[in-house]
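Asker: Predicted model follows, preceded by the sequence.
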Amino acid sequence: MRYAHLPNPLARRLFLATHGLGEGPVGRGKGAGLLALIGQIGFVQIDSINTVARAHHMILAARSRSYRPEALRALMERDRALFEHWTHDASIIPVADFPHWRLRFARDRARLVERWTGWQDAGFVQKSDGVLAQIAAQGPVSSGDVGTDEARGKGGWWDWHPSKAALEYLWRVGEISVLRRDGFTKVYDLTERVIPAALCAATPEPEATIEWACAGALERLGCASAGEIARFWNAVTPDEARAWCSAALARGEIEEVEVAMAPGHAPRRAFARPGVIARAEALAPAPGMVRILSPFDPVLRDRARAERLFGFHYRIEVFVPEPKRRYGYYVFPVLEGERIIGRIDMKAVRAEGVLRVRAFWPEVGLRPSRARAERLEVAVKRMAGFAGCESVDYEPGWRRAPLAP
């Protein structure tokens, strides 16, 4: 059977357009515009590393030059237009989608007890009622406000004291919600005090949530396999995504296409809405400007998909011993137009007001040019300003030769 063919440049253009990188980074920096941008992406991943700026802020700044972190805080904490919860990781999500997390809450209730009991001996389960009662009576708490008489570990999540684990468990199952963050510390309150009442009361049927999740994932991916659809929100199982694709295909709501991948990768069949080829052909090319992306940017979150689509292999080396790193502790992908052209190692030295650039590695085969170098330096200066740095310091030899794949 022959399938409609989507060339790789058009597949990349479509994917970048659905993720807010197909147009210039103007407007949408606050209020309704910012909320619409987050809704277009679907969610914004949160990460604690602050080498230049936190991941969620960099994701939004790459799409809106006027974006500032206080605009996101206002949407979350003042307007309650966003909420924080888990997709594949902690994320900021439009609050209108909160009812569809009910399915995940129910599934996590059993799964987390089974998963966490091994390292907590189910102590967090016994503590949950007491922690919930404390919040109900005394108001918002952080992890430092619960279990004050319990031994505090110095390790990671496996070393949480029981009440801290109970707090996390109650959040993951929807009993409590993140009210705000103080610095990067989560402050929780009862869900009914955080989420608007109508959304808090809504309980969609599982079938409705599966439809929402699969349809929304496909819209944002442009074209995707059932596995990629399942991984987008991490809210439905692979079997549920496959069943949805099969049923939608039978109803004529989606079609199969052949998508060309980057050199070295075989074409792949994927699902898409009918007319996807024409939709991609109608898109204007993305601006040729350079943007520095967070390692957790939505276009890179699925590393295998990004490698197939862009020919860009990326791994975070935070946990790799320094002598074994190929690039650096936390390097940033660099997008030019519709192509990922390299990665840059830089750090905001805030005490000195300087953004220090250690190295830039272009991708293999990238032709150096004065215009490209100028575009890169404009992007670096823009990132310095966003990080609150007054100047940029380039270390000697910062322009590196590309490394072989």
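Answerer: Nice, I can see it.

Asker: quick check: longest helix of this structure.
Answerer: In the chain, with assignment by DSSP state H, the single longest helix is helix 102-120.

Asker: pull the CA atoms of that helix into PDB?
Answerer: Coordinates of each C-alpha in helix 102-120 appear next as PDB, following Å, rounded to 0.1, in the frame of the first residue of the first chain:
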ATOM      1  CA  ARG A 102      -8.500  12.500  37.300                       C
ATOM      2  CA  LEU A 103      -7.600   9.300  35.400                       C
ATOM      3  CA  ARG A 104      -3.900   9.700  36.300                       C
ATOM      4  CA  PHE A 105      -4.800  10.400  39.900                       C
ATOM      5  CA  ALA A 106      -6.700   7.100  40.100                       C
ATOM      6  CA  ARG A 107      -4.000   5.100  38.400                       C
ATOM      7  CA  ASP A 108      -1.200   6.600  40.500                       C
ATOM      8  CA  ARG A 109      -3.000   5.900  43.700                       C
ATOM      9  CA  ALA A 110      -2.400   2.100  43.300                       C
ATOM     10  CA  ARG A 111       0.800   2.300  41.300                       C
ATOM     11  CA  LEU A 112       2.700   4.600  43.700                       C
ATOM     12  CA  VAL A 113       1.800   2.600  46.800                       C
ATOM     13  CA  GLU A 114       3.200  -0.500  45.100                       C
ATOM     14  CA  ARG A 115       6.300   1.300  43.700                       C
ATOM     15  CA  TRP A 116       7.200   3.300  46.800                       C
ATOM     16  CA  THR A 117       6.600   0.800  49.500                       C
ATOM     17  CA  GLY A 118       9.900  -0.900  48.900                       C
ATOM     18  CA  TRP A 119      11.900   2.200  50.100                       C
ATOM     19  CA  GLN A 120       9.400   3.700  52.500                       C
END
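
Asker: Give the other helices and strands that it contacts.
Answerer: For helix 102-120, the elements it packs on are strand 82-86, helix 123-138, helix 162-172, helix 206-221, judged by 3 or more C-beta pairs under 8 Å, 6 or more residues apart in numbering; DSSP states H and E. The C-beta positions use only the backbone N, C-alpha and C, and glycine is treated the same way.

Asker: residues of the helix or strand just after the third one that come out buried?
Answerer: The C-terminal neighbour of helix 162-172 among helices and strands, as given by DSSP states H and E, is strand 176-182. Of the residues in strand 176-182, those buried under the neighbour-count criterion (16 or more other C-beta atoms under 10 Å) are 176, 177, 178, 179, 180.

Asker: go on, stretch 288-301?
Answerer: Neighbour counts using 16+ other C-beta under 10 Å place 290, 291, 292, 293, 294, 295, 296, 297, 298, 299, 300, 301 of stretch 288-301 among the buried residues.

Asker: tell me which of the residues you listed is nearest to residue 403?
Answerer: Ranked by distance to residue 403 (C-beta to C-beta), these are led by residue 295 at 17.1 Å.

Asker: Can you tell me the SS state at the closest one?
Answerer: Recorded secondary structure, residue 295: coil (DSSP: H, G, I helix; E, B strand; the rest coil).
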